[in-house]
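**Q** Prediction below, plus the sequence it came from.
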Amino acid sequence: MPGIKDVAERAGLSIATVSRALSGKGNVSARSRERAQAAAAELGFVLSYHASSLASGRNHNVGVVVPSVHRWFFSSVVEGVSATLLDAGYDLTLYNVSEGPDRRHSVLNDFLLRKRVDAVIAVSLELSEAEIQQLLAIHRPIVGIGGPLPGASTIRIDDPGIAEAATNHLIRLGHTRIAHMTGDASYQQDFRLPGTRQGGFEKAMAAAGVQVRPEWQVSADFTIQGAYASARQLLGGASERPTAVFAASDEMAIGTILAARDFGLRIPYDLSVIGIDGHELGEVFGLTTFDQDPRGQGALAVRLLLAGLEDAADGGATDTEFPTNLVVRSSTSVPPEDTVQR
């Protein structure tokens, strides 16, 4: 059976160059890659990734840790990660820590330390400094998505700035009776996302001199169903309704739109709604939103990790603010001239 040495001799290349050419790892000229692939095909040689891993000390596998695989944002990030890893010839091991603190502790303090992965992507998980350092100590670089991680590279969006901009979009249209749909307390655990976006909302309202009314501050669980129930209470239980709602996620914005329809409210003529995410259902509902492209965030996380693996001497943690884009659709407009009274 031919070996990689035979391929190298047939191609007139070094064994190291053939290994890089056939594995897709490292810098190899197009000409050398073609020669290596042609020689391998002629000899019927298939690169053994097990042997390659033994030689390089790598597993060509990246661990991805998510709070839940059922939520749109997390699954979208995983799609971006998976596609980019496949293109680079890497496998993915997915760890879902939705079942509580014991599962999370087991993944971070056991599974990821077994040296079966080359690097780790943590999605919307606020790892402790000790958790990060024990991974870095065994040379497993980390990229976090969602917020700062001490000593690790991070990809994040400007959550307070985007929330402020979303609220200002409503204010510029002329709205002064604005409600906010935030996440409930359970979502404050990692990076305190609901509070961060609520802070941006309150900053915009204060700067415009617009009153924040406590009865128009409602919470839900970042799902369409949860937001639908909360929005029914917001829109159906008071003598005066808001003319606009800023929801901290697109799914909650969609739940708000569905609840508004139950009361015969026309979107956007009676009620304007804006969200944050870039959810694919947003186009169906005509939702105005800030698109944060989670698939793009996942792809960027892989590129940062692989660049770090190729250039281990670099080793510096980076903090990358991922760009977002305001997508204006039909769910927002100027407020009604005559507000509906109940």
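**A** Structure received.
**Q** Only C-alpha atoms from now on, for both contacts and neighbour counts.
**A** Will do.
**Q** Buried residues, stretch 261-274. List them.
**A** Buried positions in stretch 261-274, judged by neighbour count with 16 or more other Cα atoms under 10 Å: 265, 267-274.
**Q** From those residues, pick the one nearest Ala30.
**A** Using Cα to Cα, Ile274 comes nearest to Ala30 of the buried residues of stretch 261-274, at 48.2 Å.
**Q** Need the three-state assignment for the closest one.
**A** strand (DSSP: H, G, I helix; E, B strand; the rest coil).
**Q** ok, which stretches of the stretch 101-250 of the chain are strands?
**A** 119-123, 142-145, 153-156, 178-183, 217-220, 244-247 (DSSP state E, counting those that start in this stretch).
**Q** now for the third one, which elements pack on it?
**A** Which is strand 153-156. strand 142-145, strand 319-321 (3 or more Cα pairs under 8 Å, 6 or more residues apart in numbering; DSSP states H and E).
**Q** so of the ones you listed, which one's packed in deepest?
**A** strand 142-145 (a mean of 27; mean count of other Cα atoms under 10 Å).
**Q** For it, which strands pair with it and how are they oriented?
**A** Strand 142-145 sits in its sheet next to strand 119-123 (parallel), strand 153-156 (parallel), going by DSSP bridges.
**Q** So what's the gap between it and the chain middle?
**A** 10 Å (Cα atoms, centre = their mean, to the nearest Å).
**Q** Please name the residues that touch the residue most central in space within the chain.
**A** Nearest residue to the geometric centre of the chain (Cα atoms, centre = their mean): Pro294, 4.1 Å. By Cα atoms under 8 Å, 6 or more residues apart in numbering, Pro294 lies in contact with 73-74, 76-77, 80.
**Q** re earlier: turn the helices and strands packed on strand 153-156 into TSV, including distance to His105 and mean pLDDT.
**A** Shown next, in TSV, are those (distance: least, Cα to Cα, whole Å; pLDDT from 0 to 100):
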stretch	distance to His105	mean pLDDT
strand 142-145	17	94
strand 319-321	25	94
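**Q** nearest to Leu173, of these?
**A** Comparing the helices and strands packed on strand 153-156 against Leu173 with Cα to Cα, the closest turns out to be strand 319-321 (27.9 Å).
**Q** What mean pLDDT does the helix or strand following that closest one get?
**A** Downstream of strand 319-321, the first helix or strand assigned by DSSP states H and E is strand 325-327. Across strand 325-327, pLDDT averages out at 98.
**Q** same deal with stretch 332-342?
**A** In this model, stretch 332-342 carries a mean pLDDT of 72.
**Q** How about stretch 21-28?
**A** Stretch 21-28 shows an average pLDDT of 71 in the prediction.
**Q** where are the low-confidence patches of this protein?
**A** 1, 24-26, 47-58, 188, 238, 311-315, 338-342 (pLDDT under 70).
**Q** Can you pull the domain assignment for it?
**A** Per the record, the chain has its domains at 4-56, 61-156+294-310, 159-291, by automatic domain parsing.
**Q** Which one of the helices and strands packed on strand 153-156 lies nearest to Pro336?
**A** Once the helices and strands packed on strand 153-156 are compared by Cα to Cα, strand 319-321 is nearest, at 36.8 Å.
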